[in-house]
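Student: Sequence first, predicted model second:
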Amino acid sequence: MTHAAVAKARKLGPVFAARARKWDVERTYCWDNIADLVDAGIMGMTIPEELGGLGASYLNVTEVIEEIAKVCTLTARVVVEANMGGISAVMAYGTEAQKAFCAPIVLAGDKPAICITEPNAGSAATEMQTTAQRRGGTYVINGTKHWITGGGVSKLHLIFARVLDDDGSGLGIGGFIVHVDPLAGIEPKGFSVLGRERTMGLCGMPEATLKFEDLVVDAAMALIPPSGFKRGFADLMNAYNSQRVGAGTIAMGVAAGAFEHAKRYLTERQQFGRPLAEFQGLQWMVADMDTQLHAARLMLHEAARSRGPNNSQFPDMTMAARAKLFASEMAIKVVSDSLQMFGARGYGDQEPLERMYRDVRMFTIGGGTGQVLRTQIAGSVLGIKTPQARDGYARAATKSKEVKS
Ligand code: FAD
């Protein structure tokens, strides 16, 4: 099954490579590729078979992501979000009705949007201000999210908000499934896309600001992990560990694709009467690039196979953080060195290297910055809590007393 999916991804490679420049230059979403992904069964591979997916493992998916990322970073991002992150959270914690509702939408080509980040809550995600106020059988959501990947093209949204009970008391941070599909006339009142960022890379993917004004969501669409709202945010964020493995795999795949271009060029281009490949200064770069790529792939596969504590269905947090950190930083260097090997030609747009260089820069920022991942890894290695707010240690102590009592 895995090999069939990887073979299909490889077959689509030249088609996606030929279209990649178009999405970048025109800043348009890769709709043509989505149709191909649906035909190939690559959207929603991780959805269980009984719901129409393949029940594929995260490791299976990473192999597919790498192949696609080699040729089109944008499309690889779609594959990650159609198999990991939001949809994984629904499949792990959703009610049967929620799973049955979401699965066909993703299988038909949707890339769900995860809505966490706010103008005043980036790395400090738990400081989000968006609220979901319980009102009878509904929740009423108010707030603004920005940098939401797919905002304006995604149909499914997993919106994170501070949950307030009927009486206004805080219950914790929860996720809410919101379906938007203007072409089918599904336009929830109070949900608006305010605009999109103009990004340096990944230009075909909308990164949008979403505003919620008294957006009414049926209580049946609240995604509540078994631990409830109070501790549920940690469970929901665990689902994000799969997305981190996916994001790291894209970065590694882009680097692998750039490296393939560079290896070819080193044998084609001659200077001083010899192919570039014969210069030791470049050979040592090749050796370093190959070694770094190999290490990143091993770490990502290890993380994809791992499972966090307490029977988690998701990759181990530290392994996922470590793999994404290493892969994202490695990829920037490997893509840059690949571009370097092309000389001026790499800097121009007749080769895809300049696009890959712009695309790959994102992966040390989105989905947990390099600094935040280092903090997580250090906390885990040292076995200590690492609160970052000024009064963080005091707050952590109060919280732990509350939990004990
Ligand atoms: P800030 O948190 O303001 O950080 C600024 C700088 O300070 C960074 O270098 C950071 O590492 C550093 N920093 C912050 N805190 C610390 C600390 N404690 N110690 C050391 N350094 C620190 N969000 C979503 O919810 N959904 C999405 O779909 C989504 N997609 C994205 C797509 C792209 C292309 C990008 C760029 C971002 C996306 N994001 C998304 C947002 C992303 O998750 C945030 O950008 C990220 O969490 C960082 O937040 P920030 O940009 O506000 O930076």
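Tutor: That came through, no problem.
Student: Listing partners with orientation, what would you give for the helix or strand that contains residue 195?
Tutor: Per DSSP states H and E, residue 195 falls inside strand 191-196. Using DSSP bridges, the strands paired with strand 191-196 in its sheet are strand 207-218 (antiparallel).
Student: what about dumping the CA coordinates of the strand it pairs with to CSV?
Tutor: Extracted as CSV, the C-alpha positions of strand 207-218 are listed here (Å, rounded to 0.1, in the frame of the first residue of the first chain):
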residue,chain,number,x,y,z
GLU,A,207,-2.1,32.8,4.7
ALA,A,208,-5.2,34.6,5.8
THR,A,209,-6.7,36.7,8.6
LEU,A,210,-10.0,35.3,9.8
LYS,A,211,-12.5,37.2,11.9
PHE,A,212,-15.3,35.6,13.9
GLU,A,213,-18.2,37.8,15.0
ASP,A,214,-20.8,35.9,17.0
LEU,A,215,-20.1,32.9,14.9
VAL,A,216,-22.6,30.2,16.2
VAL,A,217,-21.3,26.7,16.2
ASP,A,218,-23.4,23.7,17.2
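Student: Residues contacting that strand, please?
Tutor: For strand 207-218, contacts defined as Cβ atoms under 8 Å, 6 or more residues apart in numbering pick out 115, 130, 132, 135, 137-152, 157, 159, 176-178, 188-197, 199. No exception for glycine: its C-beta is placed from N, CA and C like everyone else's.
Student: and that strand, anywhere near the ligand?
Tutor: Yes. Contact of strand 207-218 with the ligand (Cβ under 6 Å from any ligand atom) involves residue 207.
Student: For the very next helix or strand once past that strand, give the mean pLDDT please.
Tutor: Once strand 207-218 ends, the next helix or strand along the chain (criterion: DSSP H and E) is strand 222-223. In this model, strand 222-223 carries a mean pLDDT of 96.
Student: Distance from the chain centre to whichever helix or strand comes after strand 222-223, please.
Tutor: Where DSSP H and E defines the elements, the next helix or strand beyond strand 222-223 is helix 228-268. In terms of Cα atoms, centre = their mean, to the nearest Å, the centre of helix 228-268 is found 7 Å from the chain centre.
Student: Ok, stretch 298-312 next?
Tutor: 16 Å.
Student: and the end-to-end length of that stretch?
Tutor: With Cα to Cα, to the nearest Å as the measure, the ends of stretch 298-312 fall 21 Å from one another.
Student: what's it in contact with?
Tutor: 57-59, 61-62, 238, 241, 244-245, 248-249, 252, 313-317, 319-320, 322-323, 326-327.
Student: Flag every residue of this structure that's near the ligand.
Tutor: 114-117, 122-123, 147-149, 202, 207, 362, 365-367, 369, 371-372, 375, 388.
Student: hmm, try it at 8 Å
Tutor: Counting by Cβ under 8 Å from any ligand atom, the chain comes close to the ligand at 81, 113-117, 121-125, 145-151, 160, 197, 199, 202, 205, 207, 362, 365-372, 374-375, 388.
Student: So which of the contacts of strand 207-218 sit within strands?
Tutor: 115, 132, 135, 138-149, 157, 159, 176-178, 191-196 (DSSP state E).
Student: just to revisit the earlier point, any of the contacts of stretch 298-312 buried? List them.
Tutor: 58-59, 61-62, 238, 241, 244-245, 248-249, 252, 314-317, 319-320, 322-323, 326-327 (16 or more other Cβ atoms under 10 Å).
Student: any chance you could map the helices in this protein?
Tutor: Taking DSSP state H as the criterion, the chain contains helices spanning 2-26, 31-40, 58-69, 73-81, 86-93, 96-107, 228-268, 280-305, 317-341, 344-347, 353-360, 370-382, 392-404.
Student: For the nearest residue to residue 336 once chain neighbours are set aside, give me its contacts.
Tutor: Distances taken as Cβ to Cβ, 6 or more residues apart in numbering place residue 357 nearest to residue 336, at 6.3 Å, with adjacent residues excluded. For residue 357, the contacting residues are 201, 258, 335, 336, 339, by Cβ under 8 Å, 6+ apart.
Student: closest to the ligand among these?
Tutor: Top of the list for closeness to the ligand, among these and by Cβ to the nearest ligand atom, is residue 201 at 8.2 Å.
Student: Could you tell me which residues make contact with the closest residue to the closest one other than its chain neighbours?
Tutor: The shortest distance from residue 201 to any non-neighbouring residue, by Cβ to Cβ, 6+ apart, is to residue 358 (3.3 Å). Applying Cβ under 8 Å, 6+ apart to residue 358 gives the contacts 200, 201, 202, 203.
Student: For the ligand, state which of those is nearest.
Tutor: Nearest to the ligand among the contacts of residue 358, with distances taken as Cβ to the nearest ligand atom, is residue 202, at 6.0 Å.
Student: surely that closest one meets residue 77?
Tutor: Yes. Residue 202 lies in contact with residue 77 (Cβ atoms under 8 Å); the separation is 6.9 Å.
Student: now this protein, which segments are flagged as low pLDDT?
Tutor: 1-2, 399-400, 402-405 (pLDDT under 70).
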